[in-house]
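Asks: the amino acid sequence is not available; the structure is as follows:
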Ligand SMILES: [Cu+2]
């Protein structure tokens with residue numbers, strides 16, 4: 001403990017940063033202060049002047065910082081947080097992944113009424129858990145404008161894995177445009193931020209490579225499904241600057257180490273809308289915790305981190321400098337920092353990988369064996385398609401709007417305003433690292449690799465199963481569960497103490513990180529009783545998964561997709577435990 005230093009924020013001074021790369025990265029105090037520890041905290045939510053892109057802008061932060069200060073807590077303590085709202089609009093702070101009394105969870109209208117302008121709300125939280133978590137506003141779009149920060153809870157019994165040094169890596173996405181403007185653009189045109197749609201140029205290239213007939217068939221089918229194979233992220237690097245502890249790539253946040261040290265890196269995805277694929281060229285990362293909970297160590301080269309997830313890894317650097325490279329899933333940009341033996345060193349930045357292309361599996365036709373991105377379709381030469389090539393079936397399914405012979409639960413859903421696709425053959429994708437990561441020559445973490453270090457606390461089998469479809473209408477930019485927006489849906493009711501299995505089926509073409517407040521989600525990933533405890537679970541496109549929940553905390557809890565705009569546009573439910 002004595003040898004370990006807790007380091008956060010930029011090692012470089014603001015003055016040094018300002019000259020890097022010839023651009024003015026006047027990030028104000030954005031990253032220099034940084035860590036608050038103890039049991040009592042005075043936090044002030046307010047506006048923060050920033051400059052992430054070369055243009056001055058106003059963020060929302062805590063104590064004059066965005067990200068807000070790292071809150072360093074100890075398991076077993078009860079922390080008291082006086083949170084003052086200096087904004088002109090209501091605000092809130094939710095302690096993501098922290099199991100608190102329901103009225104301390106910080107979700108306006110569910111937990112409390114929110115923190116009104118000029119008001120101070122006092123949270124008190126008894127800490128029964130340890131690990132890496134984060135906090136963020138749960139009011140309107142304040143999270144997108146910078147109101148978030150890291151939480152580290154020291155374990156009372158010490159760490160399972162030895163390490164010498166500790167760095168928080170909080171990844172996020174920043175736009176100079178207001179969130180309201182982003183939503184209005186998406187409502188007007190769902191691919192507003194996608195400049196990579198396949199066009200005449202790629203059509204000719206595909207036609208040359210695969211034949212004209214196959215290419216026409218492919219295009220007709222995607223058009224008929226009202227989907228796009230290039231739709232990876234709704235909001236992209238076209239407007240986002242990706243941040244690493246609040247620093248844009250040019251500012252190069254740097255964390256120090258001495259050769260031979262074991263360094264714990266606490267990765268937090270505090271983005272509003274962005275998934276990141278993280279690697280450190282030249283270093284093996286050993287994953288030791290997921291969403292705050294210890295897992296059996298897994299050595300890997302790369303992992304995908306969904307919005308709101310956290311992973312702790314341990315690395316053993318020996319060279320002078322390494323790039324910590326976090327490319328957005330859609331490859332429109334990256335966050336980047338450096339691990340170095342002294343400030344000012346840099347390591348090469350790798351090129352971004354090719355952008356993923358969605359496939360039949362992502363459309364919910366998992367086992368229909370269409371061979372990657374529908375390359376199996378052969379409509380050339382007027383030959384009748386082989387009986388099981390899929391071509392005929394596809395056409396039928398397209399005509400039927402995707403609603404035919406879906407999974408039993410899916411048959412209840414109707415394609416319409418809130419649902420533009422139903423997964424006909426959703427599959428377990430927990431063994432897949434995620435679109436764009438398979439077969440890249442690196443060891444990439446999958447959910448199946450996560451094995452808790454202790455068996456689950458509740459050995460009872462579930463007494464009931466709740467199946468939910470993750471649905472959307474991409475064209476209208478509407479999102480929901482079971483085709484319903486939050487405003488149209490009844491709460492999910494759990495009896496106190498009940499053991500329930502949630503099964504999620506993703507009918508959309510995007511990953512959704514689904515977050516259940518207040519209760520653990522024990523992912524059923526084939527590890528027997530050693531299910532990893534998570535607070536946020538990525539459901540891959542066309543994927544189906546389940547987790548067990550013990551309803552051991554009474555109250556009203558939020559249950560939602562953690563893509564901010566999906567949540568705000570309907571992918572939200574209330575879970576009532578009573
Ligand atoms: Cu979502």
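Replies: Thanks, I have it. Given the structure is predicted, the values throughout are model-derived calculations rather than measurements.

Asks: torsion angles phi and psi at the residue nearest to residue 137 when sequence neighbours are not counted?
Replies: Closest residue in space to residue 137, ignoring its immediate chain neighbours: residue 147 at 3.9 Å, by Cβ to Cβ, 6 or more residues apart in numbering. From N, CA and C alone the C-beta is placed, and that goes for glycine too. Dihedral pair for residue 147: phi -90, psi 80, per degrees, to the nearest 10.

Asks: in this structure residue 147 contacts residue 66, no?
Replies: Yes: counting by Cβ atoms under 8 Å, residue 66 is a contact partner of residue 147 at 7.3 Å.

Asks: and for the two, which residues touch both?
Replies: Common contact partners of residue 147 and residue 66 (Cβ atoms under 8 Å, 6 or more residues apart in numbering): residue 60.

Asks: need the three-state assignment for residue 117.
Replies: Of the three states, residue 117 takes coil under DSSP: H, G, I helix; E, B strand; the rest coil.

Asks: which ones are touching residue 314?
Replies: 161, 163, 262, 263, 264, 265, 285, 286, 288, 297.

Asks: did I read that right, it in a helix?
Replies: No: read with three-state DSSP, residue 314 is strand and lies in no helix.

Asks: and it, bridged to which residues?
Replies: Taking DSSP bridges as the rule, residue 314 bridges to residue 264, residue 286.

Asks: can you pull the pLDDT of it?
Replies: Confidence at residue 314, expressed as pLDDT, is 98.

Asks: distance of it relative to the ion?
Replies: 31 Å (Cβ to the ion, to the nearest Å).

Asks: same check on residue 268?
Replies: Distance of residue 268 to the ion, computed by Cβ to the ion: 19 Å.

Asks: please apply the same query to residue 426.
Replies: From residue 426 to the ion the distance is 16 Å (Cβ to the ion).

Asks: buried subset of the contacts of residue 314?
Replies: Burial by neighbour count, judged by 16 or more other Cβ atoms under 10 Å, picks out 163, 262, 263, 264, 265, 285, 286, 288, 297 from the contacts of residue 314.

Asks: who touches the third one in this structure?
Replies: The neighbourhood of residue 263, defined by Cβ under 8 Å, 6+ apart, consists of 163, 164, 165, 166, 167, 255, 257, 314, 315, 316, 317, 339.

Asks: what do you get for the first one?
Replies: Under the criterion of Cβ under 8 Å, 6+ apart, the contact partners of residue 163 comprise 4, 261, 262, 263, 264, 314.

Asks: closest to the ion out of those residues?
Replies: Relative to the ion, the closest of the contacts of residue 163 is residue 264; by Cβ to the ion it sits at 30.1 Å.

Asks: isn't the closest one right next to residue 167, touching?
Replies: Yes: with contact defined as Cβ under 8 Å, residue 264 counts as touching residue 167 (7.3 Å).

Asks: a markdown table please, covering the contacts of residue 263 and showing distance to residue 478.
Replies: Shown next, in a markdown table, are the contacts of residue 263 (distance: Cβ to Cβ, whole Å):
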| residue | distance to residue 478 |
| --- | --- |
| 163 | 45 |
| 164 | 49 |
| 165 | 46 |
| 166 | 42 |
| 167 | 40 |
| 255 | 41 |
| 257 | 47 |
| 314 | 42 |
| 315 | 42 |
| 316 | 47 |
| 317 | 46 |
| 339 | 42 |
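
Asks: out of those, which are inside strands?
Replies: Secondary structure assignment (DSSP state E) places 165, 166, 167, 255, 314, 315, 339 from those within strands.

Asks: and the gap between residue 326 and residue 294?
Replies: 23 Å (Cβ to Cβ, to the nearest Å).

Asks: these two: which is more packed in?
Replies: Using other Cβ atoms under 10 Å, the more surrounded residue of residue 326 and residue 294 is residue 326, with 26 against 21.

Asks: ok, the more buried one - contacts?
Replies: 171, 242, 244, 276, 277, 278, 305, 334, 335, 336.

Asks: tell me the pLDDT of the fourth one.
Replies: We have a pLDDT of 98 for residue 276.

Asks: ok, and the closest non-adjacent residue to it?
Replies: That would be residue 326: by Cβ to Cβ, 6+ apart, it lies 4.1 Å from residue 276.

Asks: give the contact list for the residue in the stretch 301-450 of the chain positioned nearest to the ion.
Replies: For the stretch 301-450 of the chain, the residue closest to the ion is residue 307, as judged by Cβ to the ion, at 8.7 Å. By Cβ under 8 Å, 6+ apart, the residues touching residue 307 are 269, 271, 272, 273, 274, 275, 513, 536, 562, 563, 564.

Asks: and if we set it to 6 Å?
Replies: 269, 271, 513, 562, 563 (Cβ atoms under 6 Å, 6 or more residues apart in numbering).

Asks: can you tell me the closest non-neighbouring residue to the fourth one?
Replies: For residue 562, the nearest residue in space outside its immediate sequence neighbours is residue 308; the separation is 4.0 Å by Cβ to Cβ, 6+ apart.

Asks: ok so that neighbour is a helix residue?
Replies: No: applying three-state DSSP, one finds residue 308 to be coil, outside a helix.

Asks: look up how far residue 354 lies from it.
Replies: Here residue 308 is placed at a distance of 26 Å from residue 354 (Cβ to Cβ).

Asks: of those two, who's got more company?
Replies: Neighbour tally, residue 308 and residue 354, criterion other Cβ under 10 Å: the higher count belongs to residue 308, 30 against 9.

Asks: now the helices for the chain?
Replies: Assigned by DSSP state H, the chain shows helices spanning 14-19, 179-188, 200-210, 212-224, 391-399, 564-568.

Asks: hang on, the earlier thing: neighbour-wise, which of the contacts of residue 326 leads?
Replies: Top of the contacts of residue 326 by neighbour count (other Cβ under 10 Å): residue 335, with 29 neighbours.

Asks: and the residue lying closest to residue 556 once chain neighbours are set aside, how many neighbours?
Replies: Excluding the flanking residues, the one nearest residue 556 by Cβ to Cβ, 6+ apart is residue 110, at 4.5 Å. Residue 110 has 21 neighbours, counted by other Cβ under 10 Å.

Asks: and if you look at residue 343?
Replies: Quick note: residue 343 (other Cβ under 10 Å) scores 15 neighbours.

Asks: for this protein, what lies in contact range of the ion?
Replies: 512, 561, 563, 566, 571 (Cβ under 5 Å from the ion).

Asks: correct me, but residue 464 touches residue 501?
Replies: No: the pair residue 464 / residue 501 is not scored as a contact, 7.3 Å apart, by Cβ atoms under 6 Å.

Asks: neighbour count for the two, which is higher?
Replies: Set residue 464 next to residue 501 and count neighbours by other Cβ under 10 Å: residue 501 wins out with 17 against 10.
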